[in-house]
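Engineer: sequence? don't have it. structure:
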Ligand SMILES: O=c1[nH]c(=O)n([C@H]2C[C@H](O)[C@@H](COP(=O)(O)O)O2)cc1CO
């Protein structure tokens, strides 16, 4: 079975992924001559750009068209080339099946929709989901999805020997019933579905096992193991990150505690130094002039931080008291000196007055004596 698939190239490559799916499907029925149309690497420049190359493309494609048993065209993306191919295919009296997606918002050319005769030329409106479903269902249950093409004509185009066929009698076009190439690429789901079918009593047996690549249940077990390993790895990775975070937090708290301890140590050292300085001073004083005696010894013997603080306070009080006493003494001395000075001044003043009165007395005596003479 040779299938000629038409899809837009220079008209735009927006639907290329969809072409891929359709071609994958068609390849399960036979040979797709124009597989390159669904090549996602092929850009809207086409296979070549020179005029000579274009001629070669044209001639090759027309030749393939002649060879083909059926023409399937995805006609949603407008394309001059696809239009031309369909026109030539009509002329060659080929079986043509056109697929159009109304969800695209486009309106299919009247020259295509209007060509639908229900026999050789069939236009089918479809949604992308149908192709998707086709793929996913084939992956899950390998169930056929039929794209109904009513009034397909009397000639039956066999696309394969199984249930898949373009059928006129049933007015249906079965695009799939076996697994797609896409499904083959992703083995896990089909493997499961085949097994399920086997359990349910579906045939296939040895053939299916061969298709699976001889893996069967072993393959399935391996997959399950792989999945379990993956989840284990993920969980382990999560645990590791959690552990790291916890360790980081612990380190932070440790660092803080250590810093606090260091600060506390430095505070204690300073206190000790202050105390030691105070003791030395006291001892010096004692040596110099005695005193302090028992009290100071008691202070020195006081233990603990509270004791230390009290000692400091006591020492401060003492120094204050001493300073006050000193100040008082000074003021007293000054006052006494002042008082002494005052008394001295008074006494001097008295002496002076005494001297004057005696002079006056003496002078009056002299005057008296003189008057007598
Ligand atoms: O490089 C090419 N190769 C090729 O096979 N074709 C054929 C196949 C496509 O179904 C159709 C696309 O036409 P167009 O490029 O006008 O969209 O023409 C078209 C081109 C480029 O026009």
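Structural biologist: Everything's here; your move. Worth saying up front: this structure is predicted, and the values here are computed from it rather than measured.
Engineer: is it fair to say residue 73 lies in a helix?
Structural biologist: No - under DSSP: H, G, I helix; E, B strand; the rest coil, residue 73 falls outside any helix and is assigned strand.
Engineer: Return the residues in contact with it.
Structural biologist: Counting by Cβ atoms under 8 Å, 6 or more residues apart in numbering, residue 73 makes contact with 5-7, 82, 85-86, 96-99. (Glycine included, C-beta is placed from N, CA and C.)
Engineer: nearest spatial neighbour of it, skipping sequence neighbours?
Structural biologist: residue 6 (3.7 Å; Cβ to Cβ, 6 or more residues apart in numbering).
Engineer: So for the strand or helix carrying residue 314, mean pLDDT?
Structural biologist: Taking DSSP states H and E as the definition, one finds residue 314 inside helix 304-372. Mean pLDDT, helix 304-372: 79.
Engineer: pLDDT at residue 106, what is it?
Structural biologist: On the pLDDT scale, residue 106 gets 96.
Engineer: Could you double-check that it sits in contact with residue 75?
Structural biologist: No - in this structure, residue 106 is not within contact of residue 75 by Cβ atoms under 8 Å, at 9.5 Å.
Engineer: which one of the contacts of residue 73 sits closest to residue 15?
Structural biologist: residue 7 (7.0 Å; Cβ to Cβ).
Engineer: Could you give the backbone dihedrals for that closest one?
Structural biologist: Main-chain torsions, residue 7, degrees, to the nearest 10: phi -160, psi 150.
Engineer: how many other residues sit next to it?
Structural biologist: 28 (other Cβ atoms under 10 Å).
Engineer: What separation is there between it and residue 81?
Structural biologist: Residue 7 is 9 Å from residue 81, where distance means Cβ to Cβ, to the nearest Å.
Engineer: need the contact list for the residue in the stretch 1-150 of the chain positioned nearest to the ligand.
Structural biologist: Residue nearest to the ligand within the stretch 1-150 of the chain (Cβ to the nearest ligand atom): residue 81, separated by 2.0 Å. Residues touching residue 81, when contacts are defined by Cβ under 8 Å, 6+ apart, comprise 6, 8-11.
Engineer: Would you mark the buried spots in the helix or strand it falls within?
Structural biologist: Using DSSP H and E, residue 81 maps to helix 80-91. Buried residues in helix 80-91, counted by 16 or more other Cβ atoms under 10 Å: 81-83, 85-86, 89.
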